[in-house]
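In: need a 3D model of the following:
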Amino acid sequence: MKNIPTDLLRTFVTIRDLGGFTSAGEFLGRSQPAISLQIKKLESLLDTKIFLRGTSLDLTEDGEYLYQAAKQILEINDKAITKLSGENVSGRVRLGIPNDFELAFLPKALRNLARTYPNIAVEVDCDISKVIFQRYQKHLYDVCLVMEPERKDENRDIRDYRIDQLAWVMSHGNLTDSEFLPLVTYPQGCIYRAMLESSLTQAGTPYRIAYTSPSLLGIMSAVEEGLGLTAMASSVVPSHLSKATEMERLPRLGSVSIGLYYRERELSVATRHVLDFLRAGLANLAPPPMLGSR
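Out: Have a look, this model is predicted:
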């Protein structure tokens, strides 16, 4: 009976989650050739191909099966190591996060965290990114996630951010024809609102603020009822809403950086574990659209 080394499985899952051999190498602290060699060993051990050869990182049918199985194996392995090694991490971690992302990946990330580290208590605060970052600067959070305009020179750890295209979002029904494009937005200070208004002004498209709400539920309800369009990061658009990609009067909105902030020297053991789960959550968000798509 063959046994699959967990380090090979961890490398495979990391490649899939982060979307590349280079990214996985940086995350795991290994060179790209070393990562490639591990995948070759895994394929040789199983006598099958797990990645479709070409420019993409799409999985074969066997690769898809192995990915799901590997995640379960690694979860059991990590729980056992944590339990039997005597590690009993506990602590309180204060987290600030934008409204949109409380639904996108946070519940799943916190559920997985609780299964592995049940004694870590995470206190979550949701608001628009500008407010979240201001509170972080006042040391009200240990870790925060914020959205910002895309940076030209990004020098942060690749695990701590992702670039996402903003998308126009509307209900599946048609909007009432109007001279002024109706917008559903968060209050002033929200990056979505700033980019919406800037793009429409530059395009010379007349608009009006039809509905403003500080809550994600308020925004979604207004959009669902057809009161107007809004904008969201492409990876967090709910499945029951449409990306309005075919309306010619809508200009391109540009991209945002979705990133984590924390103070490296002040990180407790508990906070480091929370940070790892948040990084995994970012990596597992829906992939951003291809450049050039609308």
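In: right, and the helix or strand after the helix or strand of the chain with the lowest mean pLDDT?
Out: Ranking every helix and strand in the chain by mean pLDDT, DSSP states H and E puts strand 242-243 at the bottom, with a mean of 70. Using DSSP states H and E, the helix or strand that follows strand 242-243 in sequence is strand 255-262.
In: could you list the residues in contact with that following strand?
Out: 101, 133, 136, 142-151, 154, 156, 160-166, 191, 195, 233, 271, 275, 278-279, 282, 288 (CB atoms under 8 Å, 6 or more residues apart in numbering). Glycine gets a C-beta too; all of them are placed from N, C-alpha and C.
In: what segments of the stretch 101-250 of the chain are strands?
Out: Secondary structure of the stretch 101-250 of the chain, counting by DSSP state E, counting those that start in this stretch: strands at 120-127, 143-149, 161-170, 181-185, 207-212, 230-233, 242-243.
In: how about CSV for those, with distance to residue 2 added?
Out: What follows is the strands of the stretch 101-250 of the chain, written out as CSV (distance: least, CB to CB, whole Å):
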stretch, distance to residue 2
strand 120-127, 36
strand 143-149, 40
strand 161-170, 36
strand 181-185, 55
strand 207-212, 59
strand 230-233, 42
strand 242-243, 45
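In: so which of these is the most packed in?
Out: By mean neighbour count, with neighbours taken as mean count of other CB atoms under 10 Å, strand 230-233 ranks first of the strands of the stretch 101-250 of the chain at a mean of 25.
In: parallel or antiparallel, which strands does that one pair with?
Out: strand 161-170 (antiparallel) (DSSP bridges).
In: wait, is residue 62 part of a helix?
Out: Yes. Residue state for residue 62 (DSSP: H, G, I helix; E, B strand; the rest coil) corresponds to a helix.
In: okay, now it: neighbour count?
Out: The number of residues packed near residue 62 is 14, by other CB atoms under 10 Å.
In: do the same with residue 45
Out: Residue 45 is flanked by 13 other residues according to other CB under 10 Å.
In: my guess is it meets residue 38, correct?
Out: No. Using CB atoms under 8 Å as the test, residue 45 is too far from residue 38 to be in contact (10.5 Å).
In: sec struct for the nearest residue to residue 124 once chain neighbours are set aside, please.
Out: Sequence neighbours aside, residue 95 is the residue nearest to residue 124 in space, at 5.1 Å (criterion: CB to CB, 6 or more residues apart in numbering). Of the three states, residue 95 takes strand under three-state DSSP.
In: and residue 95, what does it touch?
Out: Residues in contact with residue 95 (CB under 8 Å, 6+ apart) are 122-125, 141-145, 274, 278.
In: now swap in residue 236 and tell me
Out: Each residue near residue 236 by CB under 8 Å, 6+ apart is listed here: 100-101, 103-104, 285-286.
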